[in-house]
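Engineer: One predicted model, sequence on top.
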Amino acid sequence: MPPLDLDLDPVFPPGESLEVDHNFVDAESGTFSCEHRVDRVPVIKLHAQFYTDRGVADPPYDYGLRSYPKQEPVAVPGSNEAWAWPGLASAVTECTFEGETRPYFTSVITMYPDDEDLALALVSELIQPVTEHAQQHCNTLKNQATE
């Protein structure tokens, strides 16, 4: 998966090292995840997959929610259906994979900033470009399996 072309520097807390780990790519299923860490502490997690057991307007990972009771999602404008909560966003697009066009789900989880309004604004800004990036490259995952 090629790197995401976004300026993420304002997201990261101060630290000495930044690591980007494409820690899971399953070319057979079209699933990938990526984690950005500062001083080995996870800061941003990106995930894309064909299968999900929830709707796009449901948080993909309840543990990522910062507020209880669960807040209502905020619709994120853009070319894909997307929803956001403070520090968490999900979206759905379509991808042709193995000759079949299917829904492709993406999520963004951020651990910073701590302020809920800023965290909501951040994931709202990231989810559409992350989803477009995942859609562009989902067929690349299948090509990796056949190489």
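Structural biologist: Here it is on my side, so go on.
Engineer: and the gap between Leu88 and Glu16?
Structural biologist: Using Cβ to Cβ, to the nearest Å, one gets 27 Å for the distance from Leu88 to Glu16. Glycine gets a C-beta too; all of them are placed from N, C-alpha and C.
Engineer: what about Pro103, neighbour count?
Structural biologist: Neighbourhood size, Pro103 [other Cβ atoms under 10 Å]: 13.
Engineer: quick check, it in a strand?
Structural biologist: Yes: looking at Pro103 with DSSP: H, G, I helix; E, B strand; the rest coil, it is inside a strand.
Engineer: residues touching it, list them.
Structural biologist: Contacts were defined as Cβ atoms under 8 Å, 6 or more residues apart in numbering; by that measure Pro103 touches 50, 92-94.
Engineer: all helices in the protein, in order from the N-terminus.
Structural biologist: Remark: helices assigned in the chain by DSSP state H are 116-146.
Engineer: hmm, back to that, give me the more crowded residue out of Leu88 and Glu16.
Structural biologist: Applying other Cβ under 10 Å to Leu88 and Glu16 shows that Leu88 carries more neighbours, namely 26 against 6.
Engineer: Quick check: that one touching Met111?
Structural biologist: No: using Cβ atoms under 8 Å, Leu88 is not in contact with Met111, being 10.4 Å away.
Engineer: Distance to Val56 added to the contacts of Pro103, as a markdown table?
Structural biologist: Below are the contacts of Pro103 laid out as a markdown table (distance: Cβ to Cβ, whole Å):
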| residue | distance to Val56 |
| --- | --- |
| Phe50 | 13 |
| Val92 | 4 |
| Thr93 | 10 |
| Glu94 | 12 |
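Engineer: Export those residues as CSV, with columns for distance to Asp115, pLDDT and neighbour count.
Structural biologist: Converted to CSV, the contacts of Pro103 look like this (distance: Cβ to Cβ, whole Å; pLDDT from 0 to 100; neighbours: other Cβ atoms under 10 Å):
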residue, distance to Asp115, pLDDT, neighbour count
Phe50, 34, 85, 16
Val92, 28, 93, 17
Thr93, 29, 91, 21
Glu94, 34, 89, 12
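Engineer: Tell me which of these fall in strands.
Structural biologist: If you go by DSSP state E, the contacts of Pro103 have 92-94 in strands.
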